[in-house]
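Peer 1: Need a 3D model of the sequence below.
(one chain, ligands or ions: 1)
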Amino acid sequence: MDRYLDGPEAALALRPDQPVYCFRPHVLIEDAKRFQSLFPGQTAYAVKTNGEPMVIKTLVDAGVTAFDVASPAEFEIVRKYSPDAEMLYMHPVKAQSDIRLALEHYKIRTLVVDHEDEIVKVLRVCRAIDIDHTQVTVFVRLQTKGHAAYELSKKFGAAPSHAVDLLRRLHRIGFKTGICFHVGSQIEDADTYEKAIASAYWVRTRANVPLVGLDVGGGFPADYGRDPKKTNDFTPGLEALMQSIDGAVKEYDFDDLPLVAEPGRVICARAFSLIVRVLLRKGKRLYINDGIWASLSDSWTGKMTMPARIIPDPTIRRRNGDPEKIVPFKVCGATCDSVDILTRPFYLPETIDTGDWIEIGNIGAYSLSLRSHFNGFYPDTFVEVENAFEIGEAPTGRASLETMGD
Ligand SMILES: *Cc1c(COP(=O)(O)O)cnc(C)c1O
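Peer 2: Residues are numbered from 1 along each chain as shown. Next up is the predicted model:
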């Protein structure tokens, strides 16, 4: 991989017409180590956030020994870079053939369920391949209600009283049991985890079966920087969240159990920026070479506002307007369909023009992991970059990748 000091240096050297991902391995290591040092339990990186080989390898080298995985491809990539990392198979609804692959081939011994029929599947596989199911830990995923940019409890999780039944059933069969939840991604309320832990306490007390762990899931917010257009924009800091988790763990008597967390976004967001090129400026519209089907998938980046900087093409001699004046541009993506238009604008200097580049920072989470081959466009160029995105000329713009509201 080519190496550069920063995004602007890479853009000016390569003059890329294709999107370029700038990877910052030391930032990834720093953020992984920071999380590990603050969280009082096991850190299992959520592979779906960004499962690029370079990310998994860097995390393994940095000492991450556990991964939250959800599919055969994720089992494979983790195993490829670490023969002994622990994998937690935390998808509540699994294909039976995938459960079998996990238990038999990958020797995974930790899974999750949120329904009794899923317990039947796991037990059936254990019997079929003759493994001792009393050595298998099955977490029960608890429904939670919190305020996250993406609420995952709508889709998964057992209601508290149902979770009580599931825990008792698992215990009766002989599985080791734990309680887990996932509060959604990019949580916005500092007491989200506390509420979920209170609910886990209610479940634990009523189920009254031995537990081997409490898994608090992911959701830890990345610091994308403030969006000046939002008055209520408040991201709880990681230290404060950890304190609230720590307090809740003590208050609700979970301090006798090993803790697990499954952070994704907070670990890999800052590790990548993305250089896109303005293929055409048409008035207040910018047509760029990336979009919702590639790295700017609205479904995930939806509510985030990332910092962005313009990298002017030095071959453009004459520009109209004031480079200090930041104005909104409508951004049209690379593909031929009319869906590929970002619903919120990018705020950039009014001098931006055809041929300039835009570097979008903090885009390591749920960006390249979601890119598709739609219409034949598949960005896949990576460079390694030394400086963190914030270093150097201050980002003047913002990439507001929001689909809702405004
Ligand atoms: C996606 C996911 C995560 C990671 O969430 P982040 O918000 O990126 O930290 C963790 N656990 C589960 C079960 C997930 O589905």
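Peer 1: give me phi/psi at the closest residue in space to residue 369 that isn't next to it in sequence?
Peer 2: Closest residue in space to residue 369, ignoring its immediate chain neighbours: residue 50 at 5.0 Å, by C-beta to C-beta, 6 or more residues apart in numbering. Where you see a C-beta, it was placed from the backbone N, CA and C, and this is true even at glycine. The phi/psi pair for residue 50 (degrees, to the nearest 10) reads phi -170, psi 100.
Peer 1: burial count for residue 50?
Peer 2: Residue 50: 27 surrounding residues under other C-beta atoms under 10 Å.
Peer 1: wait, doesn't it sit right on residue 363?
Peer 2: No: using C-beta atoms under 8 Å, residue 50 is not in contact with residue 363, being 9.8 Å away.
Peer 1: the strands in the stretch 101-250 of the chain, which residues?
Peer 2: 110-113, 137-142, 148-150, 176-181, 185-187, 214-215 (DSSP state E, counting those that start in this stretch).
Peer 1: Tell me which of the ones you listed sits nearest to residue 96.
Peer 2: strand 110-113 (12.1 Å; C-beta to C-beta).
Peer 1: average pLDDT for the closest one?
Peer 2: Across strand 110-113, pLDDT averages out at 98.
Peer 1: List the buried residues of that strand.
Peer 2: 110-113 (16 or more other C-beta atoms under 10 Å).
Peer 1: now swap in stretch 133-146 and tell me
Peer 2: 133, 136-144, 146.
Peer 1: cool, and stretch 195-208?
Peer 2: Buried, per 16+ other C-beta under 10 Å, within stretch 195-208: 195-197, 199-204, 207.
Peer 1: Residue 391 is in contact with residue 7, isn't it?
Peer 2: No: using C-beta under 8 Å, residue 391 is not in contact with residue 7, being 10.2 Å away.
Peer 1: any low-confidence regions in the protein?
Peer 2: 146-153, 225-234, 298-303, 400-406 (pLDDT under 70).
Peer 1: I'd like to know which elements the longest strand along it is packed against.
Peer 2: The longest strand of the chain (DSSP state E) is strand 272-282. Judged by 3 or more C-beta pairs under 8 Å, 6 or more residues apart in numbering; DSSP states H and E, the packing partners of strand 272-282 are helix 7-14, strand 20-23, strand 285-288, strand 357-360.
Peer 1: burial measure for residue 393, as a count.
Peer 2: Neighbours around residue 393, by other C-beta under 10 Å: 10.
Peer 1: Please disregard the earlier target; I meant residue 11.
Peer 2: Count around residue 11 with other C-beta under 10 Å applied: 24.
Peer 1: re earlier: do the longest strand of the chain and the ligand meet at all?
Peer 2: No: shown here: strand 272-282 not in contact with the ligand (C-beta under 6 Å from any ligand atom), separated by at least 14.0 Å.
Peer 1: Pull the residues that contact that strand.
Peer 2: 7, 10-11, 16-17, 19-24, 50, 286-290, 295, 311, 334, 352-364, 367-368, 385, 389 (C-beta atoms under 8 Å, 6 or more residues apart in numbering).
Peer 1: List buried members of those by neighbour count.
Peer 2: By 16+ other C-beta under 10 Å, these give 7, 10-11, 16, 19-24, 50, 286-290, 295, 311, 334, 352-353, 355-364, 367-368, 385, 389 as buried.
Peer 1: Make a markdown table out of the buried residues of stretch 195-208 and add distance to residue 377.
Peer 2: As requested, the buried residues of stretch 195-208 are exported to a markdown table (distance: C-beta to C-beta, whole Å):
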| residue | distance to residue 377 |
| --- | --- |
| 195 | 42 |
| 196 | 39 |
| 197 | 44 |
| 199 | 44 |
| 200 | 44 |
| 201 | 49 |
| 202 | 49 |
| 203 | 46 |
| 204 | 49 |
| 207 | 50 |
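Peer 1: out of the strands of the stretch 101-250 of the chain, which comes closest to the ligand?
Peer 2: Comparison of the strands of the stretch 101-250 of the chain against the ligand by C-beta to the nearest ligand atom identifies strand 185-187 as nearest, at 3.3 Å.
Peer 1: Now do the closest one: which elements does it pack against?
Peer 2: For strand 185-187, the elements it packs on are strand 148-150, judged by 3+ C-beta pairs under 8 Å, 6+ apart.
Peer 1: Go ahead and report the secondary structure state at residue 328.
Peer 2: Assigned state for residue 328: strand (three-state reduction, DSSP: H, G, I helix; E, B strand; the rest coil).
Peer 1: all numbers from here: first residue = 44
Peer 2: Sure, I'll start numbering at 44, so the last one becomes residue 371.
Peer 1: ok, back up a step: out of the buried residues of stretch 238-251, which are inside helices?
Peer 2: When those are checked against helices (DSSP state H), the matches are 238-240, 242-247, 250.
Peer 1: now, among these, which is nearest to the ligand?
Peer 2: residue 239 (12.6 Å).
Peer 1: Good, wrapping up.
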